[in-house]
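> Predicted model, plus sequence, below.
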Amino acid sequence: MTVRELENFFKLKAFTQVFTFGPTFRAENSQSRRHLAEFYMVEAEISFLESLQDLMQVMESLFKTTAMTVLSNCPKDVELCHKFIAPGQKDRLEHMLKNNFLIISYTEAVEILKQASQNFTFTPEWGADLHTEHEKYLVKHCGDIPVFVINYPRALKPFYMRDNEDGPQHTVAAVDLLVPGVGELFGGSLREERCHFLEQRLARLGLTEAYQWYLDLRRFGSVPHGGFGMGFERYLQCILGIDNIKDVIPFPRFTHSCLL
């Protein structure tokens, strides 16, 4: 049996594309216009995925297909929001849907931010996380088209993201999709399927004992895979043009407010 035949065999015998859609909970004390303590998340995982390009294609297709379905099936609801809450959002959304999403690396993003004439509250520098103000500037800089930012520093991302093996930079195959008006909408990565890389990283973080079960799942072999998460309320903010995330969910739960 060839490698390709073996791969096809396992594709037929296992779930190669799975997703969940349900409530997610945030532990941080976040009080912004785009954070909730409880929100809904679409999470997808795809096996036999070997490149960020393939993962980004799924993410872009999900955004565009879902948006066009909403526009087709709920035109009056969307028109109501665009007319009375967010004038001009219809044109902005059409602009997003008809253009290919852009791709820049984290390193390129930091250089763009450093050269910006705008003064940021948080100074952009390589190795630091991107803040909302940075994300919104990058989208505007790219012509108000959603933009993928890829290859983040390893230190910023969870242990399970795949090491790019790029020497002193130490980046991982992570990707965030930034969209107009919101900032980060999707977050995803290729997953680290190589057990020795996982062992080394967990040892550095002092998490080996806590995640022994995770190592056991991959100790006798795995397959290349990747996945992402998309915040549903942020998605509604993006397509409807609503500024505050608390306005797109019937009973918003946020820090110090948990109405039952």
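Cool, got the structure. Residues are numbered from 1 along each chain as shown.
> List the buried residues of stretch 73-85.
V78, C81, H82 (16 or more other C-beta atoms under 10 Å). Glycine gets a C-beta too; all of them are placed from N, C-alpha and C.
> With stretch 131-138 instead?
T132, E133, H134, E135, K136, Y137, L138.
> Could I get the CA-only coordinates of that stretch as PDB?
Taking Å, rounded to 0.1, in the frame of the first residue of the first chain, the C-alpha atoms of stretch 131-138 are listed here in PDB:
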ATOM      1  CA  HIS A 131      -3.400  45.300  20.100                       C
ATOM      2  CA  THR A 132      -6.800  46.300  18.800                       C
ATOM      3  CA  GLU A 133      -5.500  49.700  17.700                       C
ATOM      4  CA  HIS A 134      -2.700  48.000  15.700                       C
ATOM      5  CA  GLU A 135      -5.100  45.500  14.100                       C
ATOM      6  CA  LYS A 136      -7.500  48.200  13.000                       C
ATOM      7  CA  TYR A 137      -4.700  50.300  11.600                       C
ATOM      8  CA  LEU A 138      -3.300  47.300   9.600                       C
END
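> Other residues contacting that stretch?
Contact with stretch 131-138 is made by 32, 34, 104, 109, 112-113, 116, 118, 120-122, 124, 130, 147, 149, 176, 178, 180-181, 183-184, as judged by C-beta atoms under 8 Å, 6 or more residues apart in numbering.
> Likewise for stretch 224-231?
The contact list for stretch 224-231, computed with C-beta under 8 Å, 6+ apart, reads 24, 39-50, 52, 54-55, 58-59, 62-63, 162, 173, 175, 185-191, 193.
> what about the most centrally placed residue in the chain, helix or strand, and which?
Centroid-nearest residue in the chain: G187, 1.5 Å away (criterion: C-alpha atoms, centre = their mean). Using DSSP states H and E, G187 sits within strand 183-190.
> and that strand, what other elements does it pack with?
Applying 3 or more C-beta pairs under 8 Å, 6 or more residues apart in numbering; DSSP states H and E, we find strand 183-190 packed against helix 52-73, helix 132-141, strand 171-179, strand 225-231, helix 232-240.
> For the second one, what is the distance to the chain centroid?
This points to helix 132-141. Distance of helix 132-141 from the chain centroid (C-alpha atoms, centre = their mean, to the nearest Å) equals 15 Å.
> Which element is encountered next along the chain beyond that helix?
strand 147-153.
> Just to be sure, E28 is in a helix?
No. Under DSSP: H, G, I helix; E, B strand; the rest coil, E28 sits outside any helix and is assigned coil.
> Which members of the buried residues of stretch 73-85 occur in helices, if any?
Residues of the buried residues of stretch 73-85 located in helices (DSSP state H): V78, C81, H82.
> What distance do you get for the nearest residue to the second one once chain neighbours are set aside to R92?
The shortest distance from C81 to any residue other than its chain neighbours is 4.3 Å, reached at L240 (C-beta to C-beta, 6 or more residues apart in numbering). Here the distance between L240 and R92 works out to 11 Å (C-beta to C-beta, to the nearest Å).
> With F254 instead?
Remark: distance between F254 and R92 (C-beta to C-beta) = 26 Å.
> my read is A116 is in a strand, agree?
No. Using three-state DSSP, the assignment for A116 is coil, not a strand.
> neighbours around it, how many?
Residues lying near A116 (other C-beta atoms under 10 Å) number 15.
> sorry, back to before: so among the buried residues of stretch 131-138, where is pLDDT lowest?
The member of these with the lowest pLDDT is T132, at 91.
> can you list the weak-confidence ranges in this structure?
Along the chain, the model assigns pLDDT under 70 to residues 1-16, 258-260.
> quick one: the strand holding G187 to helix 132-141, angle?
90 degrees (axes from the mean of the first three to the mean of the last three C-alpha atoms, to 10 degrees).
> after strand 183-190, next one along is what?
Downstream of strand 183-190 (by DSSP H and E), the next one is helix 195-205.
> And that next one, what does it pack against?
On a contact count with 3+ C-beta pairs under 8 Å, 6+ apart, helix 195-205 meets helix 212-218.
> From the neighbour counts alone, determine which of L240 and R92 ranks first.
L240 (20 against 17).
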